[in-house]
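>>> Pasting the sequence and the predicted coordinates here, then a few questions.
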Amino acid sequence: MFFFLGRAFFVALKNVSEKRVESMDGIGFSTYTTSTDNDGHESVSYYYKIDETRFMVHSSLAYHTLLNGHQYRVYYLPNSKVLVNIEVLEAPSAQHAI
């Protein structure tokens, strides 16, 4: 556990010290994984997948917000792959409009 916390702290410190955000464009999809602990409790992790890179999102609401198959630009911290911002690069069709 100390190793994990130490590594997480080191990655966060490195991201802050570099003061750098990267961006990439690609087709976006919402994905998720499930896992079950030793007590039988199931947990779900939500992601945006832009091309072949996954970015964790922290709620099912965010997960359902992404329109699958559309072109996006993401801004993220390069070492930790923490998503900073995402923008759609093409207007959704009328069937997706709210």
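Cool, got the structure.

>>> who does E42 bridge with?
Beta-bridge pairing for E42 (DSSP bridges): T36.

>>> At which residues are the strands of the chain located?
22-36, 42-50, 53-57, 70-77, 82-88 (DSSP state E).

>>> Show me the one of those that comes nearest Y63.
Y63 sits nearest to strand 42-50 of all those, at 3.9 Å, using C-beta to C-beta. Heads up, the C-betas are built off the backbone N, CA and C, glycines and all.

>>> mind listing what's buried in that closest one?
Neighbour counts over strand 42-50 (16 or more other C-beta atoms under 10 Å) mark 46-50 as buried.

>>> what's next to that strand, contact-wise?
Contacting residues not belonging to strand 42-50 are listed as 24-37, 54-60, 62-63, 66, 72, 74, 83, 86 [C-beta atoms under 8 Å, 6 or more residues apart in numbering].

>>> Show me which of the residues you listed are buried.
Among these, the ones that count as buried by 16+ other C-beta under 10 Å are 28-30, 54-55, 57, 63, 66, 72, 74, 83, 86.

>>> now these as JSON lines including distance to K19?
Listed next are these as JSON lines, based on distance: C-beta to C-beta, whole Å:
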{"residue": "G28", "distance to K19": "26"}
{"residue": "F29", "distance to K19": "30"}
{"residue": "S30", "distance to K19": "30"}
{"residue": "R54", "distance to K19": "24"}
{"residue": "F55", "distance to K19": "20"}
{"residue": "V57", "distance to K19": "24"}
{"residue": "Y63", "distance to K19": "29"}
{"residue": "L66", "distance to K19": "28"}
{"residue": "Y72", "distance to K19": "24"}
{"residue": "V74", "distance to K19": "18"}
{"residue": "L83", "distance to K19": "17"}
{"residue": "I86", "distance to K19": "20"}
